[in-house]
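Here is a sequence with its predicted model. Questions after.
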Amino acid sequence: MLTVHHLNLSRSQRVLWALEELELPYQIVRYQREPTMLAPEALKKVHPLGKSPVLEDDGLILAESGAILEYLQETHDPGQTLKPLNPQERIQYRFWLHYAEGSLMPFLVMKLVFGRLGKPPVPIGLRTVGKLLSQGVQKGYLNKQLATHAAFIESHLAQNTWFAGEQLSMADIQMSYPAMALLARGEKGTMPNLTAWTKRVENRPAWQRAIQQGGPLDFPGS
């Protein structure tokens with residue numbers, strides 16, 4: 001039996017979606033974030049990094065969303081329903097699998113961290129300075145970087161139904177968390193293609209089942 005160590009409001013939602021798309025039986029071990037929004041210490045008993053998601057499969061313990069999704073596709077998707085067959089689409093598939101965490105997610109995490117500099121648990125005497133620093137970094141750097149990524153994604157989705165082409169793939173599942181976080185933090189109406197892609201995702205029965213299993217998906221700081 002596959003086991004997912006699932007943290008609420010986290011990227012582990014992607015693993016649940018993949019499992020539902022593949023119609024694989026699984027069980028969930030649930031964890032709740034601390035008031036600081038950090039993962040609980042209990043996760044370190046599962047994997048030394050203490051992060052989620054973690055997948056267990058017949059003695060294997062595997063962390064990192066991208067690695068888990070590739071493992072599931074390679075070992076539990078014999079019909080290759082979640083990996084394109086076309087060579088050009090496979091290039092796109094590989095790119096978006098890596099882009100999600102390698103290029104886009106770091107800026108979203110930085111936006112979240114800087115957005116909290118003027119709030120608890122930052123000491124009250126430092127919050128004014130923290131807020132000014134946050135505003136400066138976001139205006140001068142982060143917002144411009146995220147606008148570049150938003151335009152890049154919009155341009156790609158203007159020509160493709162899904163991230164790897166015309167077929168849903170693990171690339172879409174990997175992109176789901178950062179793409180939806182980007183949309184949640186952006187100005188409504190400025191990303192119509194990403195909005196349309198999100199609606200296609202949310203209309204999938206497997207996505208809906210994953211939300212029922214893992215809980216609502218929200219983005220702190222959005």
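Received it, and whenever you're ready, just let me know what you need.

can we go C-alpha only for contacts and neighbour counts from here?
Will do.

Can you list the low-confidence ranges for this protein?
37, 113-138, 187-188, 219-222 (pLDDT under 70).

So the residue nearest the centre of it: helix, strand or coil?
In the chain, the residue lying closest to the centroid (Cα atoms, centre = their mean) is Tyr177, at 2.5 Å. Under DSSP: H, G, I helix; E, B strand; the rest coil, Tyr177 falls in the helix class.

was I right about it contacting Ser12?
No: counting by Cα atoms under 8 Å, Ser12 is not a contact partner of Tyr177; they are 9.1 Å apart.

Buried residues of the host helix or strand of Lys144, list them for me.
Lys144 is located in helix 143-157, with elements delineated by DSSP states H and E. Under the neighbour-count criterion of 16 or more other Cα atoms under 10 Å, helix 143-157 has 143, 146, 149-150, 153-154, 156-157 buried.

Show me what that helix is packed up against.
On a contact count with 3 or more Cα pairs under 8 Å, 6 or more residues apart in numbering; DSSP states H and E, helix 143-157 meets helix 105-115, helix 192-202.

tilt between the last one and helix 143-157?
When you say that, I think you mean helix 192-202. Between the axes of helix 192-202 and helix 143-157, defined by axes from the mean of the first three to the mean of the last three Cα atoms, to 10 degrees, the angle is 70 degrees.

mind listing what's buried in helix 192-202?
Those would be 193-195, 197-198, 201, for helix 192-202 by 16+ other Cα under 10 Å.

Dump those residues into CSV; add distance to Tyr71 as well.
Formatted as CSV, these follow (distance: Cα to Cα, whole Å):
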residue, distance to Tyr71
Asn193, 29
Leu194, 27
Thr195, 29
Trp197, 25
Thr198, 24
Val201, 22
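
how distant is stretch 89-104 from the center of its chain?
Put simply, stretch 89-104 sits 13 Å off its chain's centre (Cα atoms, centre = their mean, to the nearest Å).

what's in contact with that stretch?
66, 83-84, 146, 149, 163-165, 169-172, 174-175, 178 (Cα atoms under 8 Å, 6 or more residues apart in numbering).

Inside strands: which ones of these?
Counting by DSSP state E, the contacts of stretch 89-104 place none of their members in strands.

Looking at the residues you listed, spot the one nearest Thr75.
Lys83 (12.2 Å; Cα to Cα).

Would you check that that closest one makes contact with Asp172?
No: the pair Lys83 / Asp172 is not scored as a contact, 10.3 Å apart, by Cα under 8 Å.

The two: which is more packed in?
Asp172 (24 against 21; other Cα atoms under 10 Å).

In contact with Ile68, which residues are there?
15, 54-55, 62.

and the residue nearest to the centre of the chain, how far is that from Ile91?
21 Å (Cα to Cα, to the nearest Å).

Can you pull the domain assignment for this structure?
2-76, 87-204 (the TED database).

The shortest one spans what distance, first to last residue?
Terminal residues of domain 2-76 lie 11 Å apart, using Cα to Cα.

and it, how far from the chain's centre?
Counting by Cα atoms, centre = their mean, domain 2-76 comes out at 12 Å from the chain centroid.

now the last one
The chain centre lies 9 Å from the centre of domain 87-204; the measure is Cα atoms, centre = their mean.

So what would you say the end-to-end distance of it is?
26 Å.

which SSE is Thr3 in?
strand 2-7.

Counting by contacts, list what the helix or strand just after that strand packs against.
Counting by DSSP H and E, the next helix or strand C-terminal to strand 2-7 is helix 13-21. Applying 3+ Cα pairs under 8 Å, 6+ apart, one finds that helix 13-21 makes contact with strand 2-7, helix 65-76, helix 170-185, helix 205-214.
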